[in-house]
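Asks: Make a model of this:
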Amino acid sequence: MTLRLYQGIAGVADTTGQLSTVHCPLSTVAGAPGLASETGDPRHKNPEEDPKLREECGVVAIHGHPDAARQAYLALYALQHRGQESAGIATADGQFLANIKGMGLVSEIFTDDVLAKLRGSMAIGHTRYSTTGDSALLNAQPIRVDSTKGLIAIAHNGNLVHLGNLRARLERDGAYFQTTSDSEIIVQLIAHSRAGTLVDAIADSLSQVEGAFSIVMMTRDRIFAARDPRGFRPLSMGRIKNPDGPDTIVFASETCAFDLLRAEFIRDVLPGELVMVTEDGVTSRQFSSGVPQSSCIFEHVYFARPDSRVFGRWVQESRDRMGRQLARESGVPADLVVPVPDSGVTAALGYAEESGIRFRLGLIRNHYVGRTFIEPEQRVRDFGVRLKLNPVHNLLAGKRVILIDDSIIRGTTSRKIVRMVRGAGAKEVHLRISCPPTISPCFYGVDTPSKRDLIAANKSIEEICQYIEADSLAYLSLDGLLKCCQGEDHTGYCTACYTGIYPTQWVDVEDILPATVSL
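Replies: Below you'll find the model as predicted:
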């Protein structure tokens, strides 16, 4: 049974009170002692698991459509890859602001009868990867707050840092936090702002927070969209043309959502820009400027869908160039180039074309594996990977194989895949990675393990190669990656996960030791 939370739905009692009995202890995260990040705390993952780095969420906004909720649903469906744990949609009609969110996939939460409860011509939506358990519903988004500035709903992609003092100040001023999410900090700042107008209050509040945020907000009669001054996370604006009236304005984390809505891309929301959409049209203002751009380069490596245009550049093109550059930097004699599906496919195509080595789908992914499954009573070695991937024996047997993947995090999954390919009869297995070694965790909205769990932070490339049992291992160079992702607008990228050099200051709580007392 799907767990949902209802707020402001006509004829349906709010379920917020029922959920307030769920205890959700605060996690301690970088830069925010005692405050759970929007991403949850990735340090408590099972060390035996080695998932891909996971994007934390996707956001959408719709203004001026008679069935805004369904449009938001379709956009979230296209952004499902950005988060699969929870999702929510809030709608407004000029008088009321309703919100429904739940745990699970977008299609599981928003059935036809649920969507029918969300009325209005405006909507914002959110899909999220979060901590597991029922208490995570408390932090699912959009977050709806009734404040001195009126009803406000917010959906946030990213992660804020250095929030301990802000939260303490707001609580002293009487703020009551419904969640342990850092996203609610923004709403509370707006509610407690002394600015005369709502748009001024939003601009004032956004200028006080640091970190990564691409956000959409909604009041009863307006939509807002904004990106942090460094532009860490993507956010694009589009238009659905309406020959009989005003066009529908849409915002989404990725442009692939526009395709499903038959919306045309207008432009990216600029770093440090606040856009407001009302019945009178679209206006914008810069709440911050002069800060070097540091957009997340891993959007091009892995997070974004290949059919999206992110940071002014098509993701498909970037990944193809990564594969070609990887072949130039670390070619090796082989018979086949085989991608680790699905994220390794585009880079593998580029590698194969550049090297002249045949491309083959030697690993087949089972796309119908649910988020839970029943393991056999007698645990099968590498069962989790084998459930998702299966080798094509007749293609791999007796061949020298180059495996292409986008990253290695802990190394356990890579080792299982190498074993699988070798077990299928491959004579040699060479692993090529289309990004540099990941040596540092991300504090800007990506679920990464702590540094002690990142294999590249603790082992040399030769040691990693031995661990994963490959015949050879090579990564794409940082200079090569930057070259592959550079477009005409010369976007500045954040590469902290590869360099350990962060564009903002931060404090890793694991580096803070308890004070000792000398007697």
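Asks: Return the helix or strand in the protein with minimum mean pLDDT.
Replies: One helix or strand of the chain scores below all others by mean pLDDT, DSSP states H and E: helix 16-19, with a mean of 41.
Asks: Mind listing what's buried along stretch 312-324?
Replies: By neighbour count on 16 or more other Cβ atoms under 10 Å, the buried set for stretch 312-324 is 313-324. (C-beta placed from N, C-alpha, C; glycine too.)
Asks: Actually, stretch 454-466.
Replies: Within stretch 454-466, the residues that count as buried by 16+ other Cβ under 10 Å are 454-457, 464-465.
Asks: Which residues does that stretch contact?
Replies: Stretch 454-466 is contacted from outside by 408-411, 431, 437-441, 448, 451-452, 467, 472-475, using Cβ atoms under 8 Å, 6 or more residues apart in numbering.
Asks: could you flag which of those are buried?
Replies: Judged by 16+ other Cβ under 10 Å, buried ones among those: 408-411, 431, 437-441, 448, 451, 467, 472-475.
Asks: Go through the residues you listed and flag which are in helices.
Replies: Using DSSP state H, the subset of the buried ones among the contacts of stretch 454-466 located in helices is Tyr467.
Asks: Could you dump the buried residues of stretch 312-324 into JSON lines and include distance to Thr2 and pLDDT?
Replies: What follows is the buried residues of stretch 312-324, written out as JSON lines (distance: Cβ to Cβ, whole Å; pLDDT from 0 to 100):
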{"residue": "Arg313", "distance to Thr2": "37", "pLDDT": "94"}
{"residue": "Trp314", "distance to Thr2": "35", "pLDDT": "96"}
{"residue": "Val315", "distance to Thr2": "31", "pLDDT": "97"}
{"residue": "Gln316", "distance to Thr2": "34", "pLDDT": "97"}
{"residue": "Glu317", "distance to Thr2": "38", "pLDDT": "97"}
{"residue": "Ser318", "distance to Thr2": "36", "pLDDT": "97"}
{"residue": "Arg319", "distance to Thr2": "34", "pLDDT": "98"}
{"residue": "Asp320", "distance to Thr2": "39", "pLDDT": "98"}
{"residue": "Arg321", "distance to Thr2": "41", "pLDDT": "98"}
{"residue": "Met322", "distance to Thr2": "38", "pLDDT": "98"}
{"residue": "Gly323", "distance to Thr2": "40", "pLDDT": "98"}
{"residue": "Arg324", "distance to Thr2": "44", "pLDDT": "98"}
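Asks: got these as TSV, with distance to Arg262 and secondary structure columns?
Replies: Converted to TSV, these look like this (distance: Cβ to Cβ, whole Å; DSSP: H, G, I helix; E, B strand; the rest coil):
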residue	distance to Arg262	secondary structure
Arg313	23	strand
Trp314	19	strand
Val315	20	helix
Gln316	20	helix
Glu317	23	helix
Ser318	25	helix
Arg319	26	helix
Asp320	26	helix
Arg321	29	helix
Met322	30	helix
Gly323	31	helix
Arg324	33	helix
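Asks: would JSON lines of those with distance to Ala496 be doable?
Replies: Compiled in JSON lines, these are given as follows (distance: Cβ to Cβ, whole Å):
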{"residue": "Arg313", "distance to Ala496": "20"}
{"residue": "Trp314", "distance to Ala496": "24"}
{"residue": "Val315", "distance to Ala496": "20"}
{"residue": "Gln316", "distance to Ala496": "25"}
{"residue": "Glu317", "distance to Ala496": "24"}
{"residue": "Ser318", "distance to Ala496": "19"}
{"residue": "Arg319", "distance to Ala496": "21"}
{"residue": "Asp320", "distance to Ala496": "25"}
{"residue": "Arg321", "distance to Ala496": "22"}
{"residue": "Met322", "distance to Ala496": "19"}
{"residue": "Gly323", "distance to Ala496": "24"}
{"residue": "Arg324", "distance to Ala496": "25"}
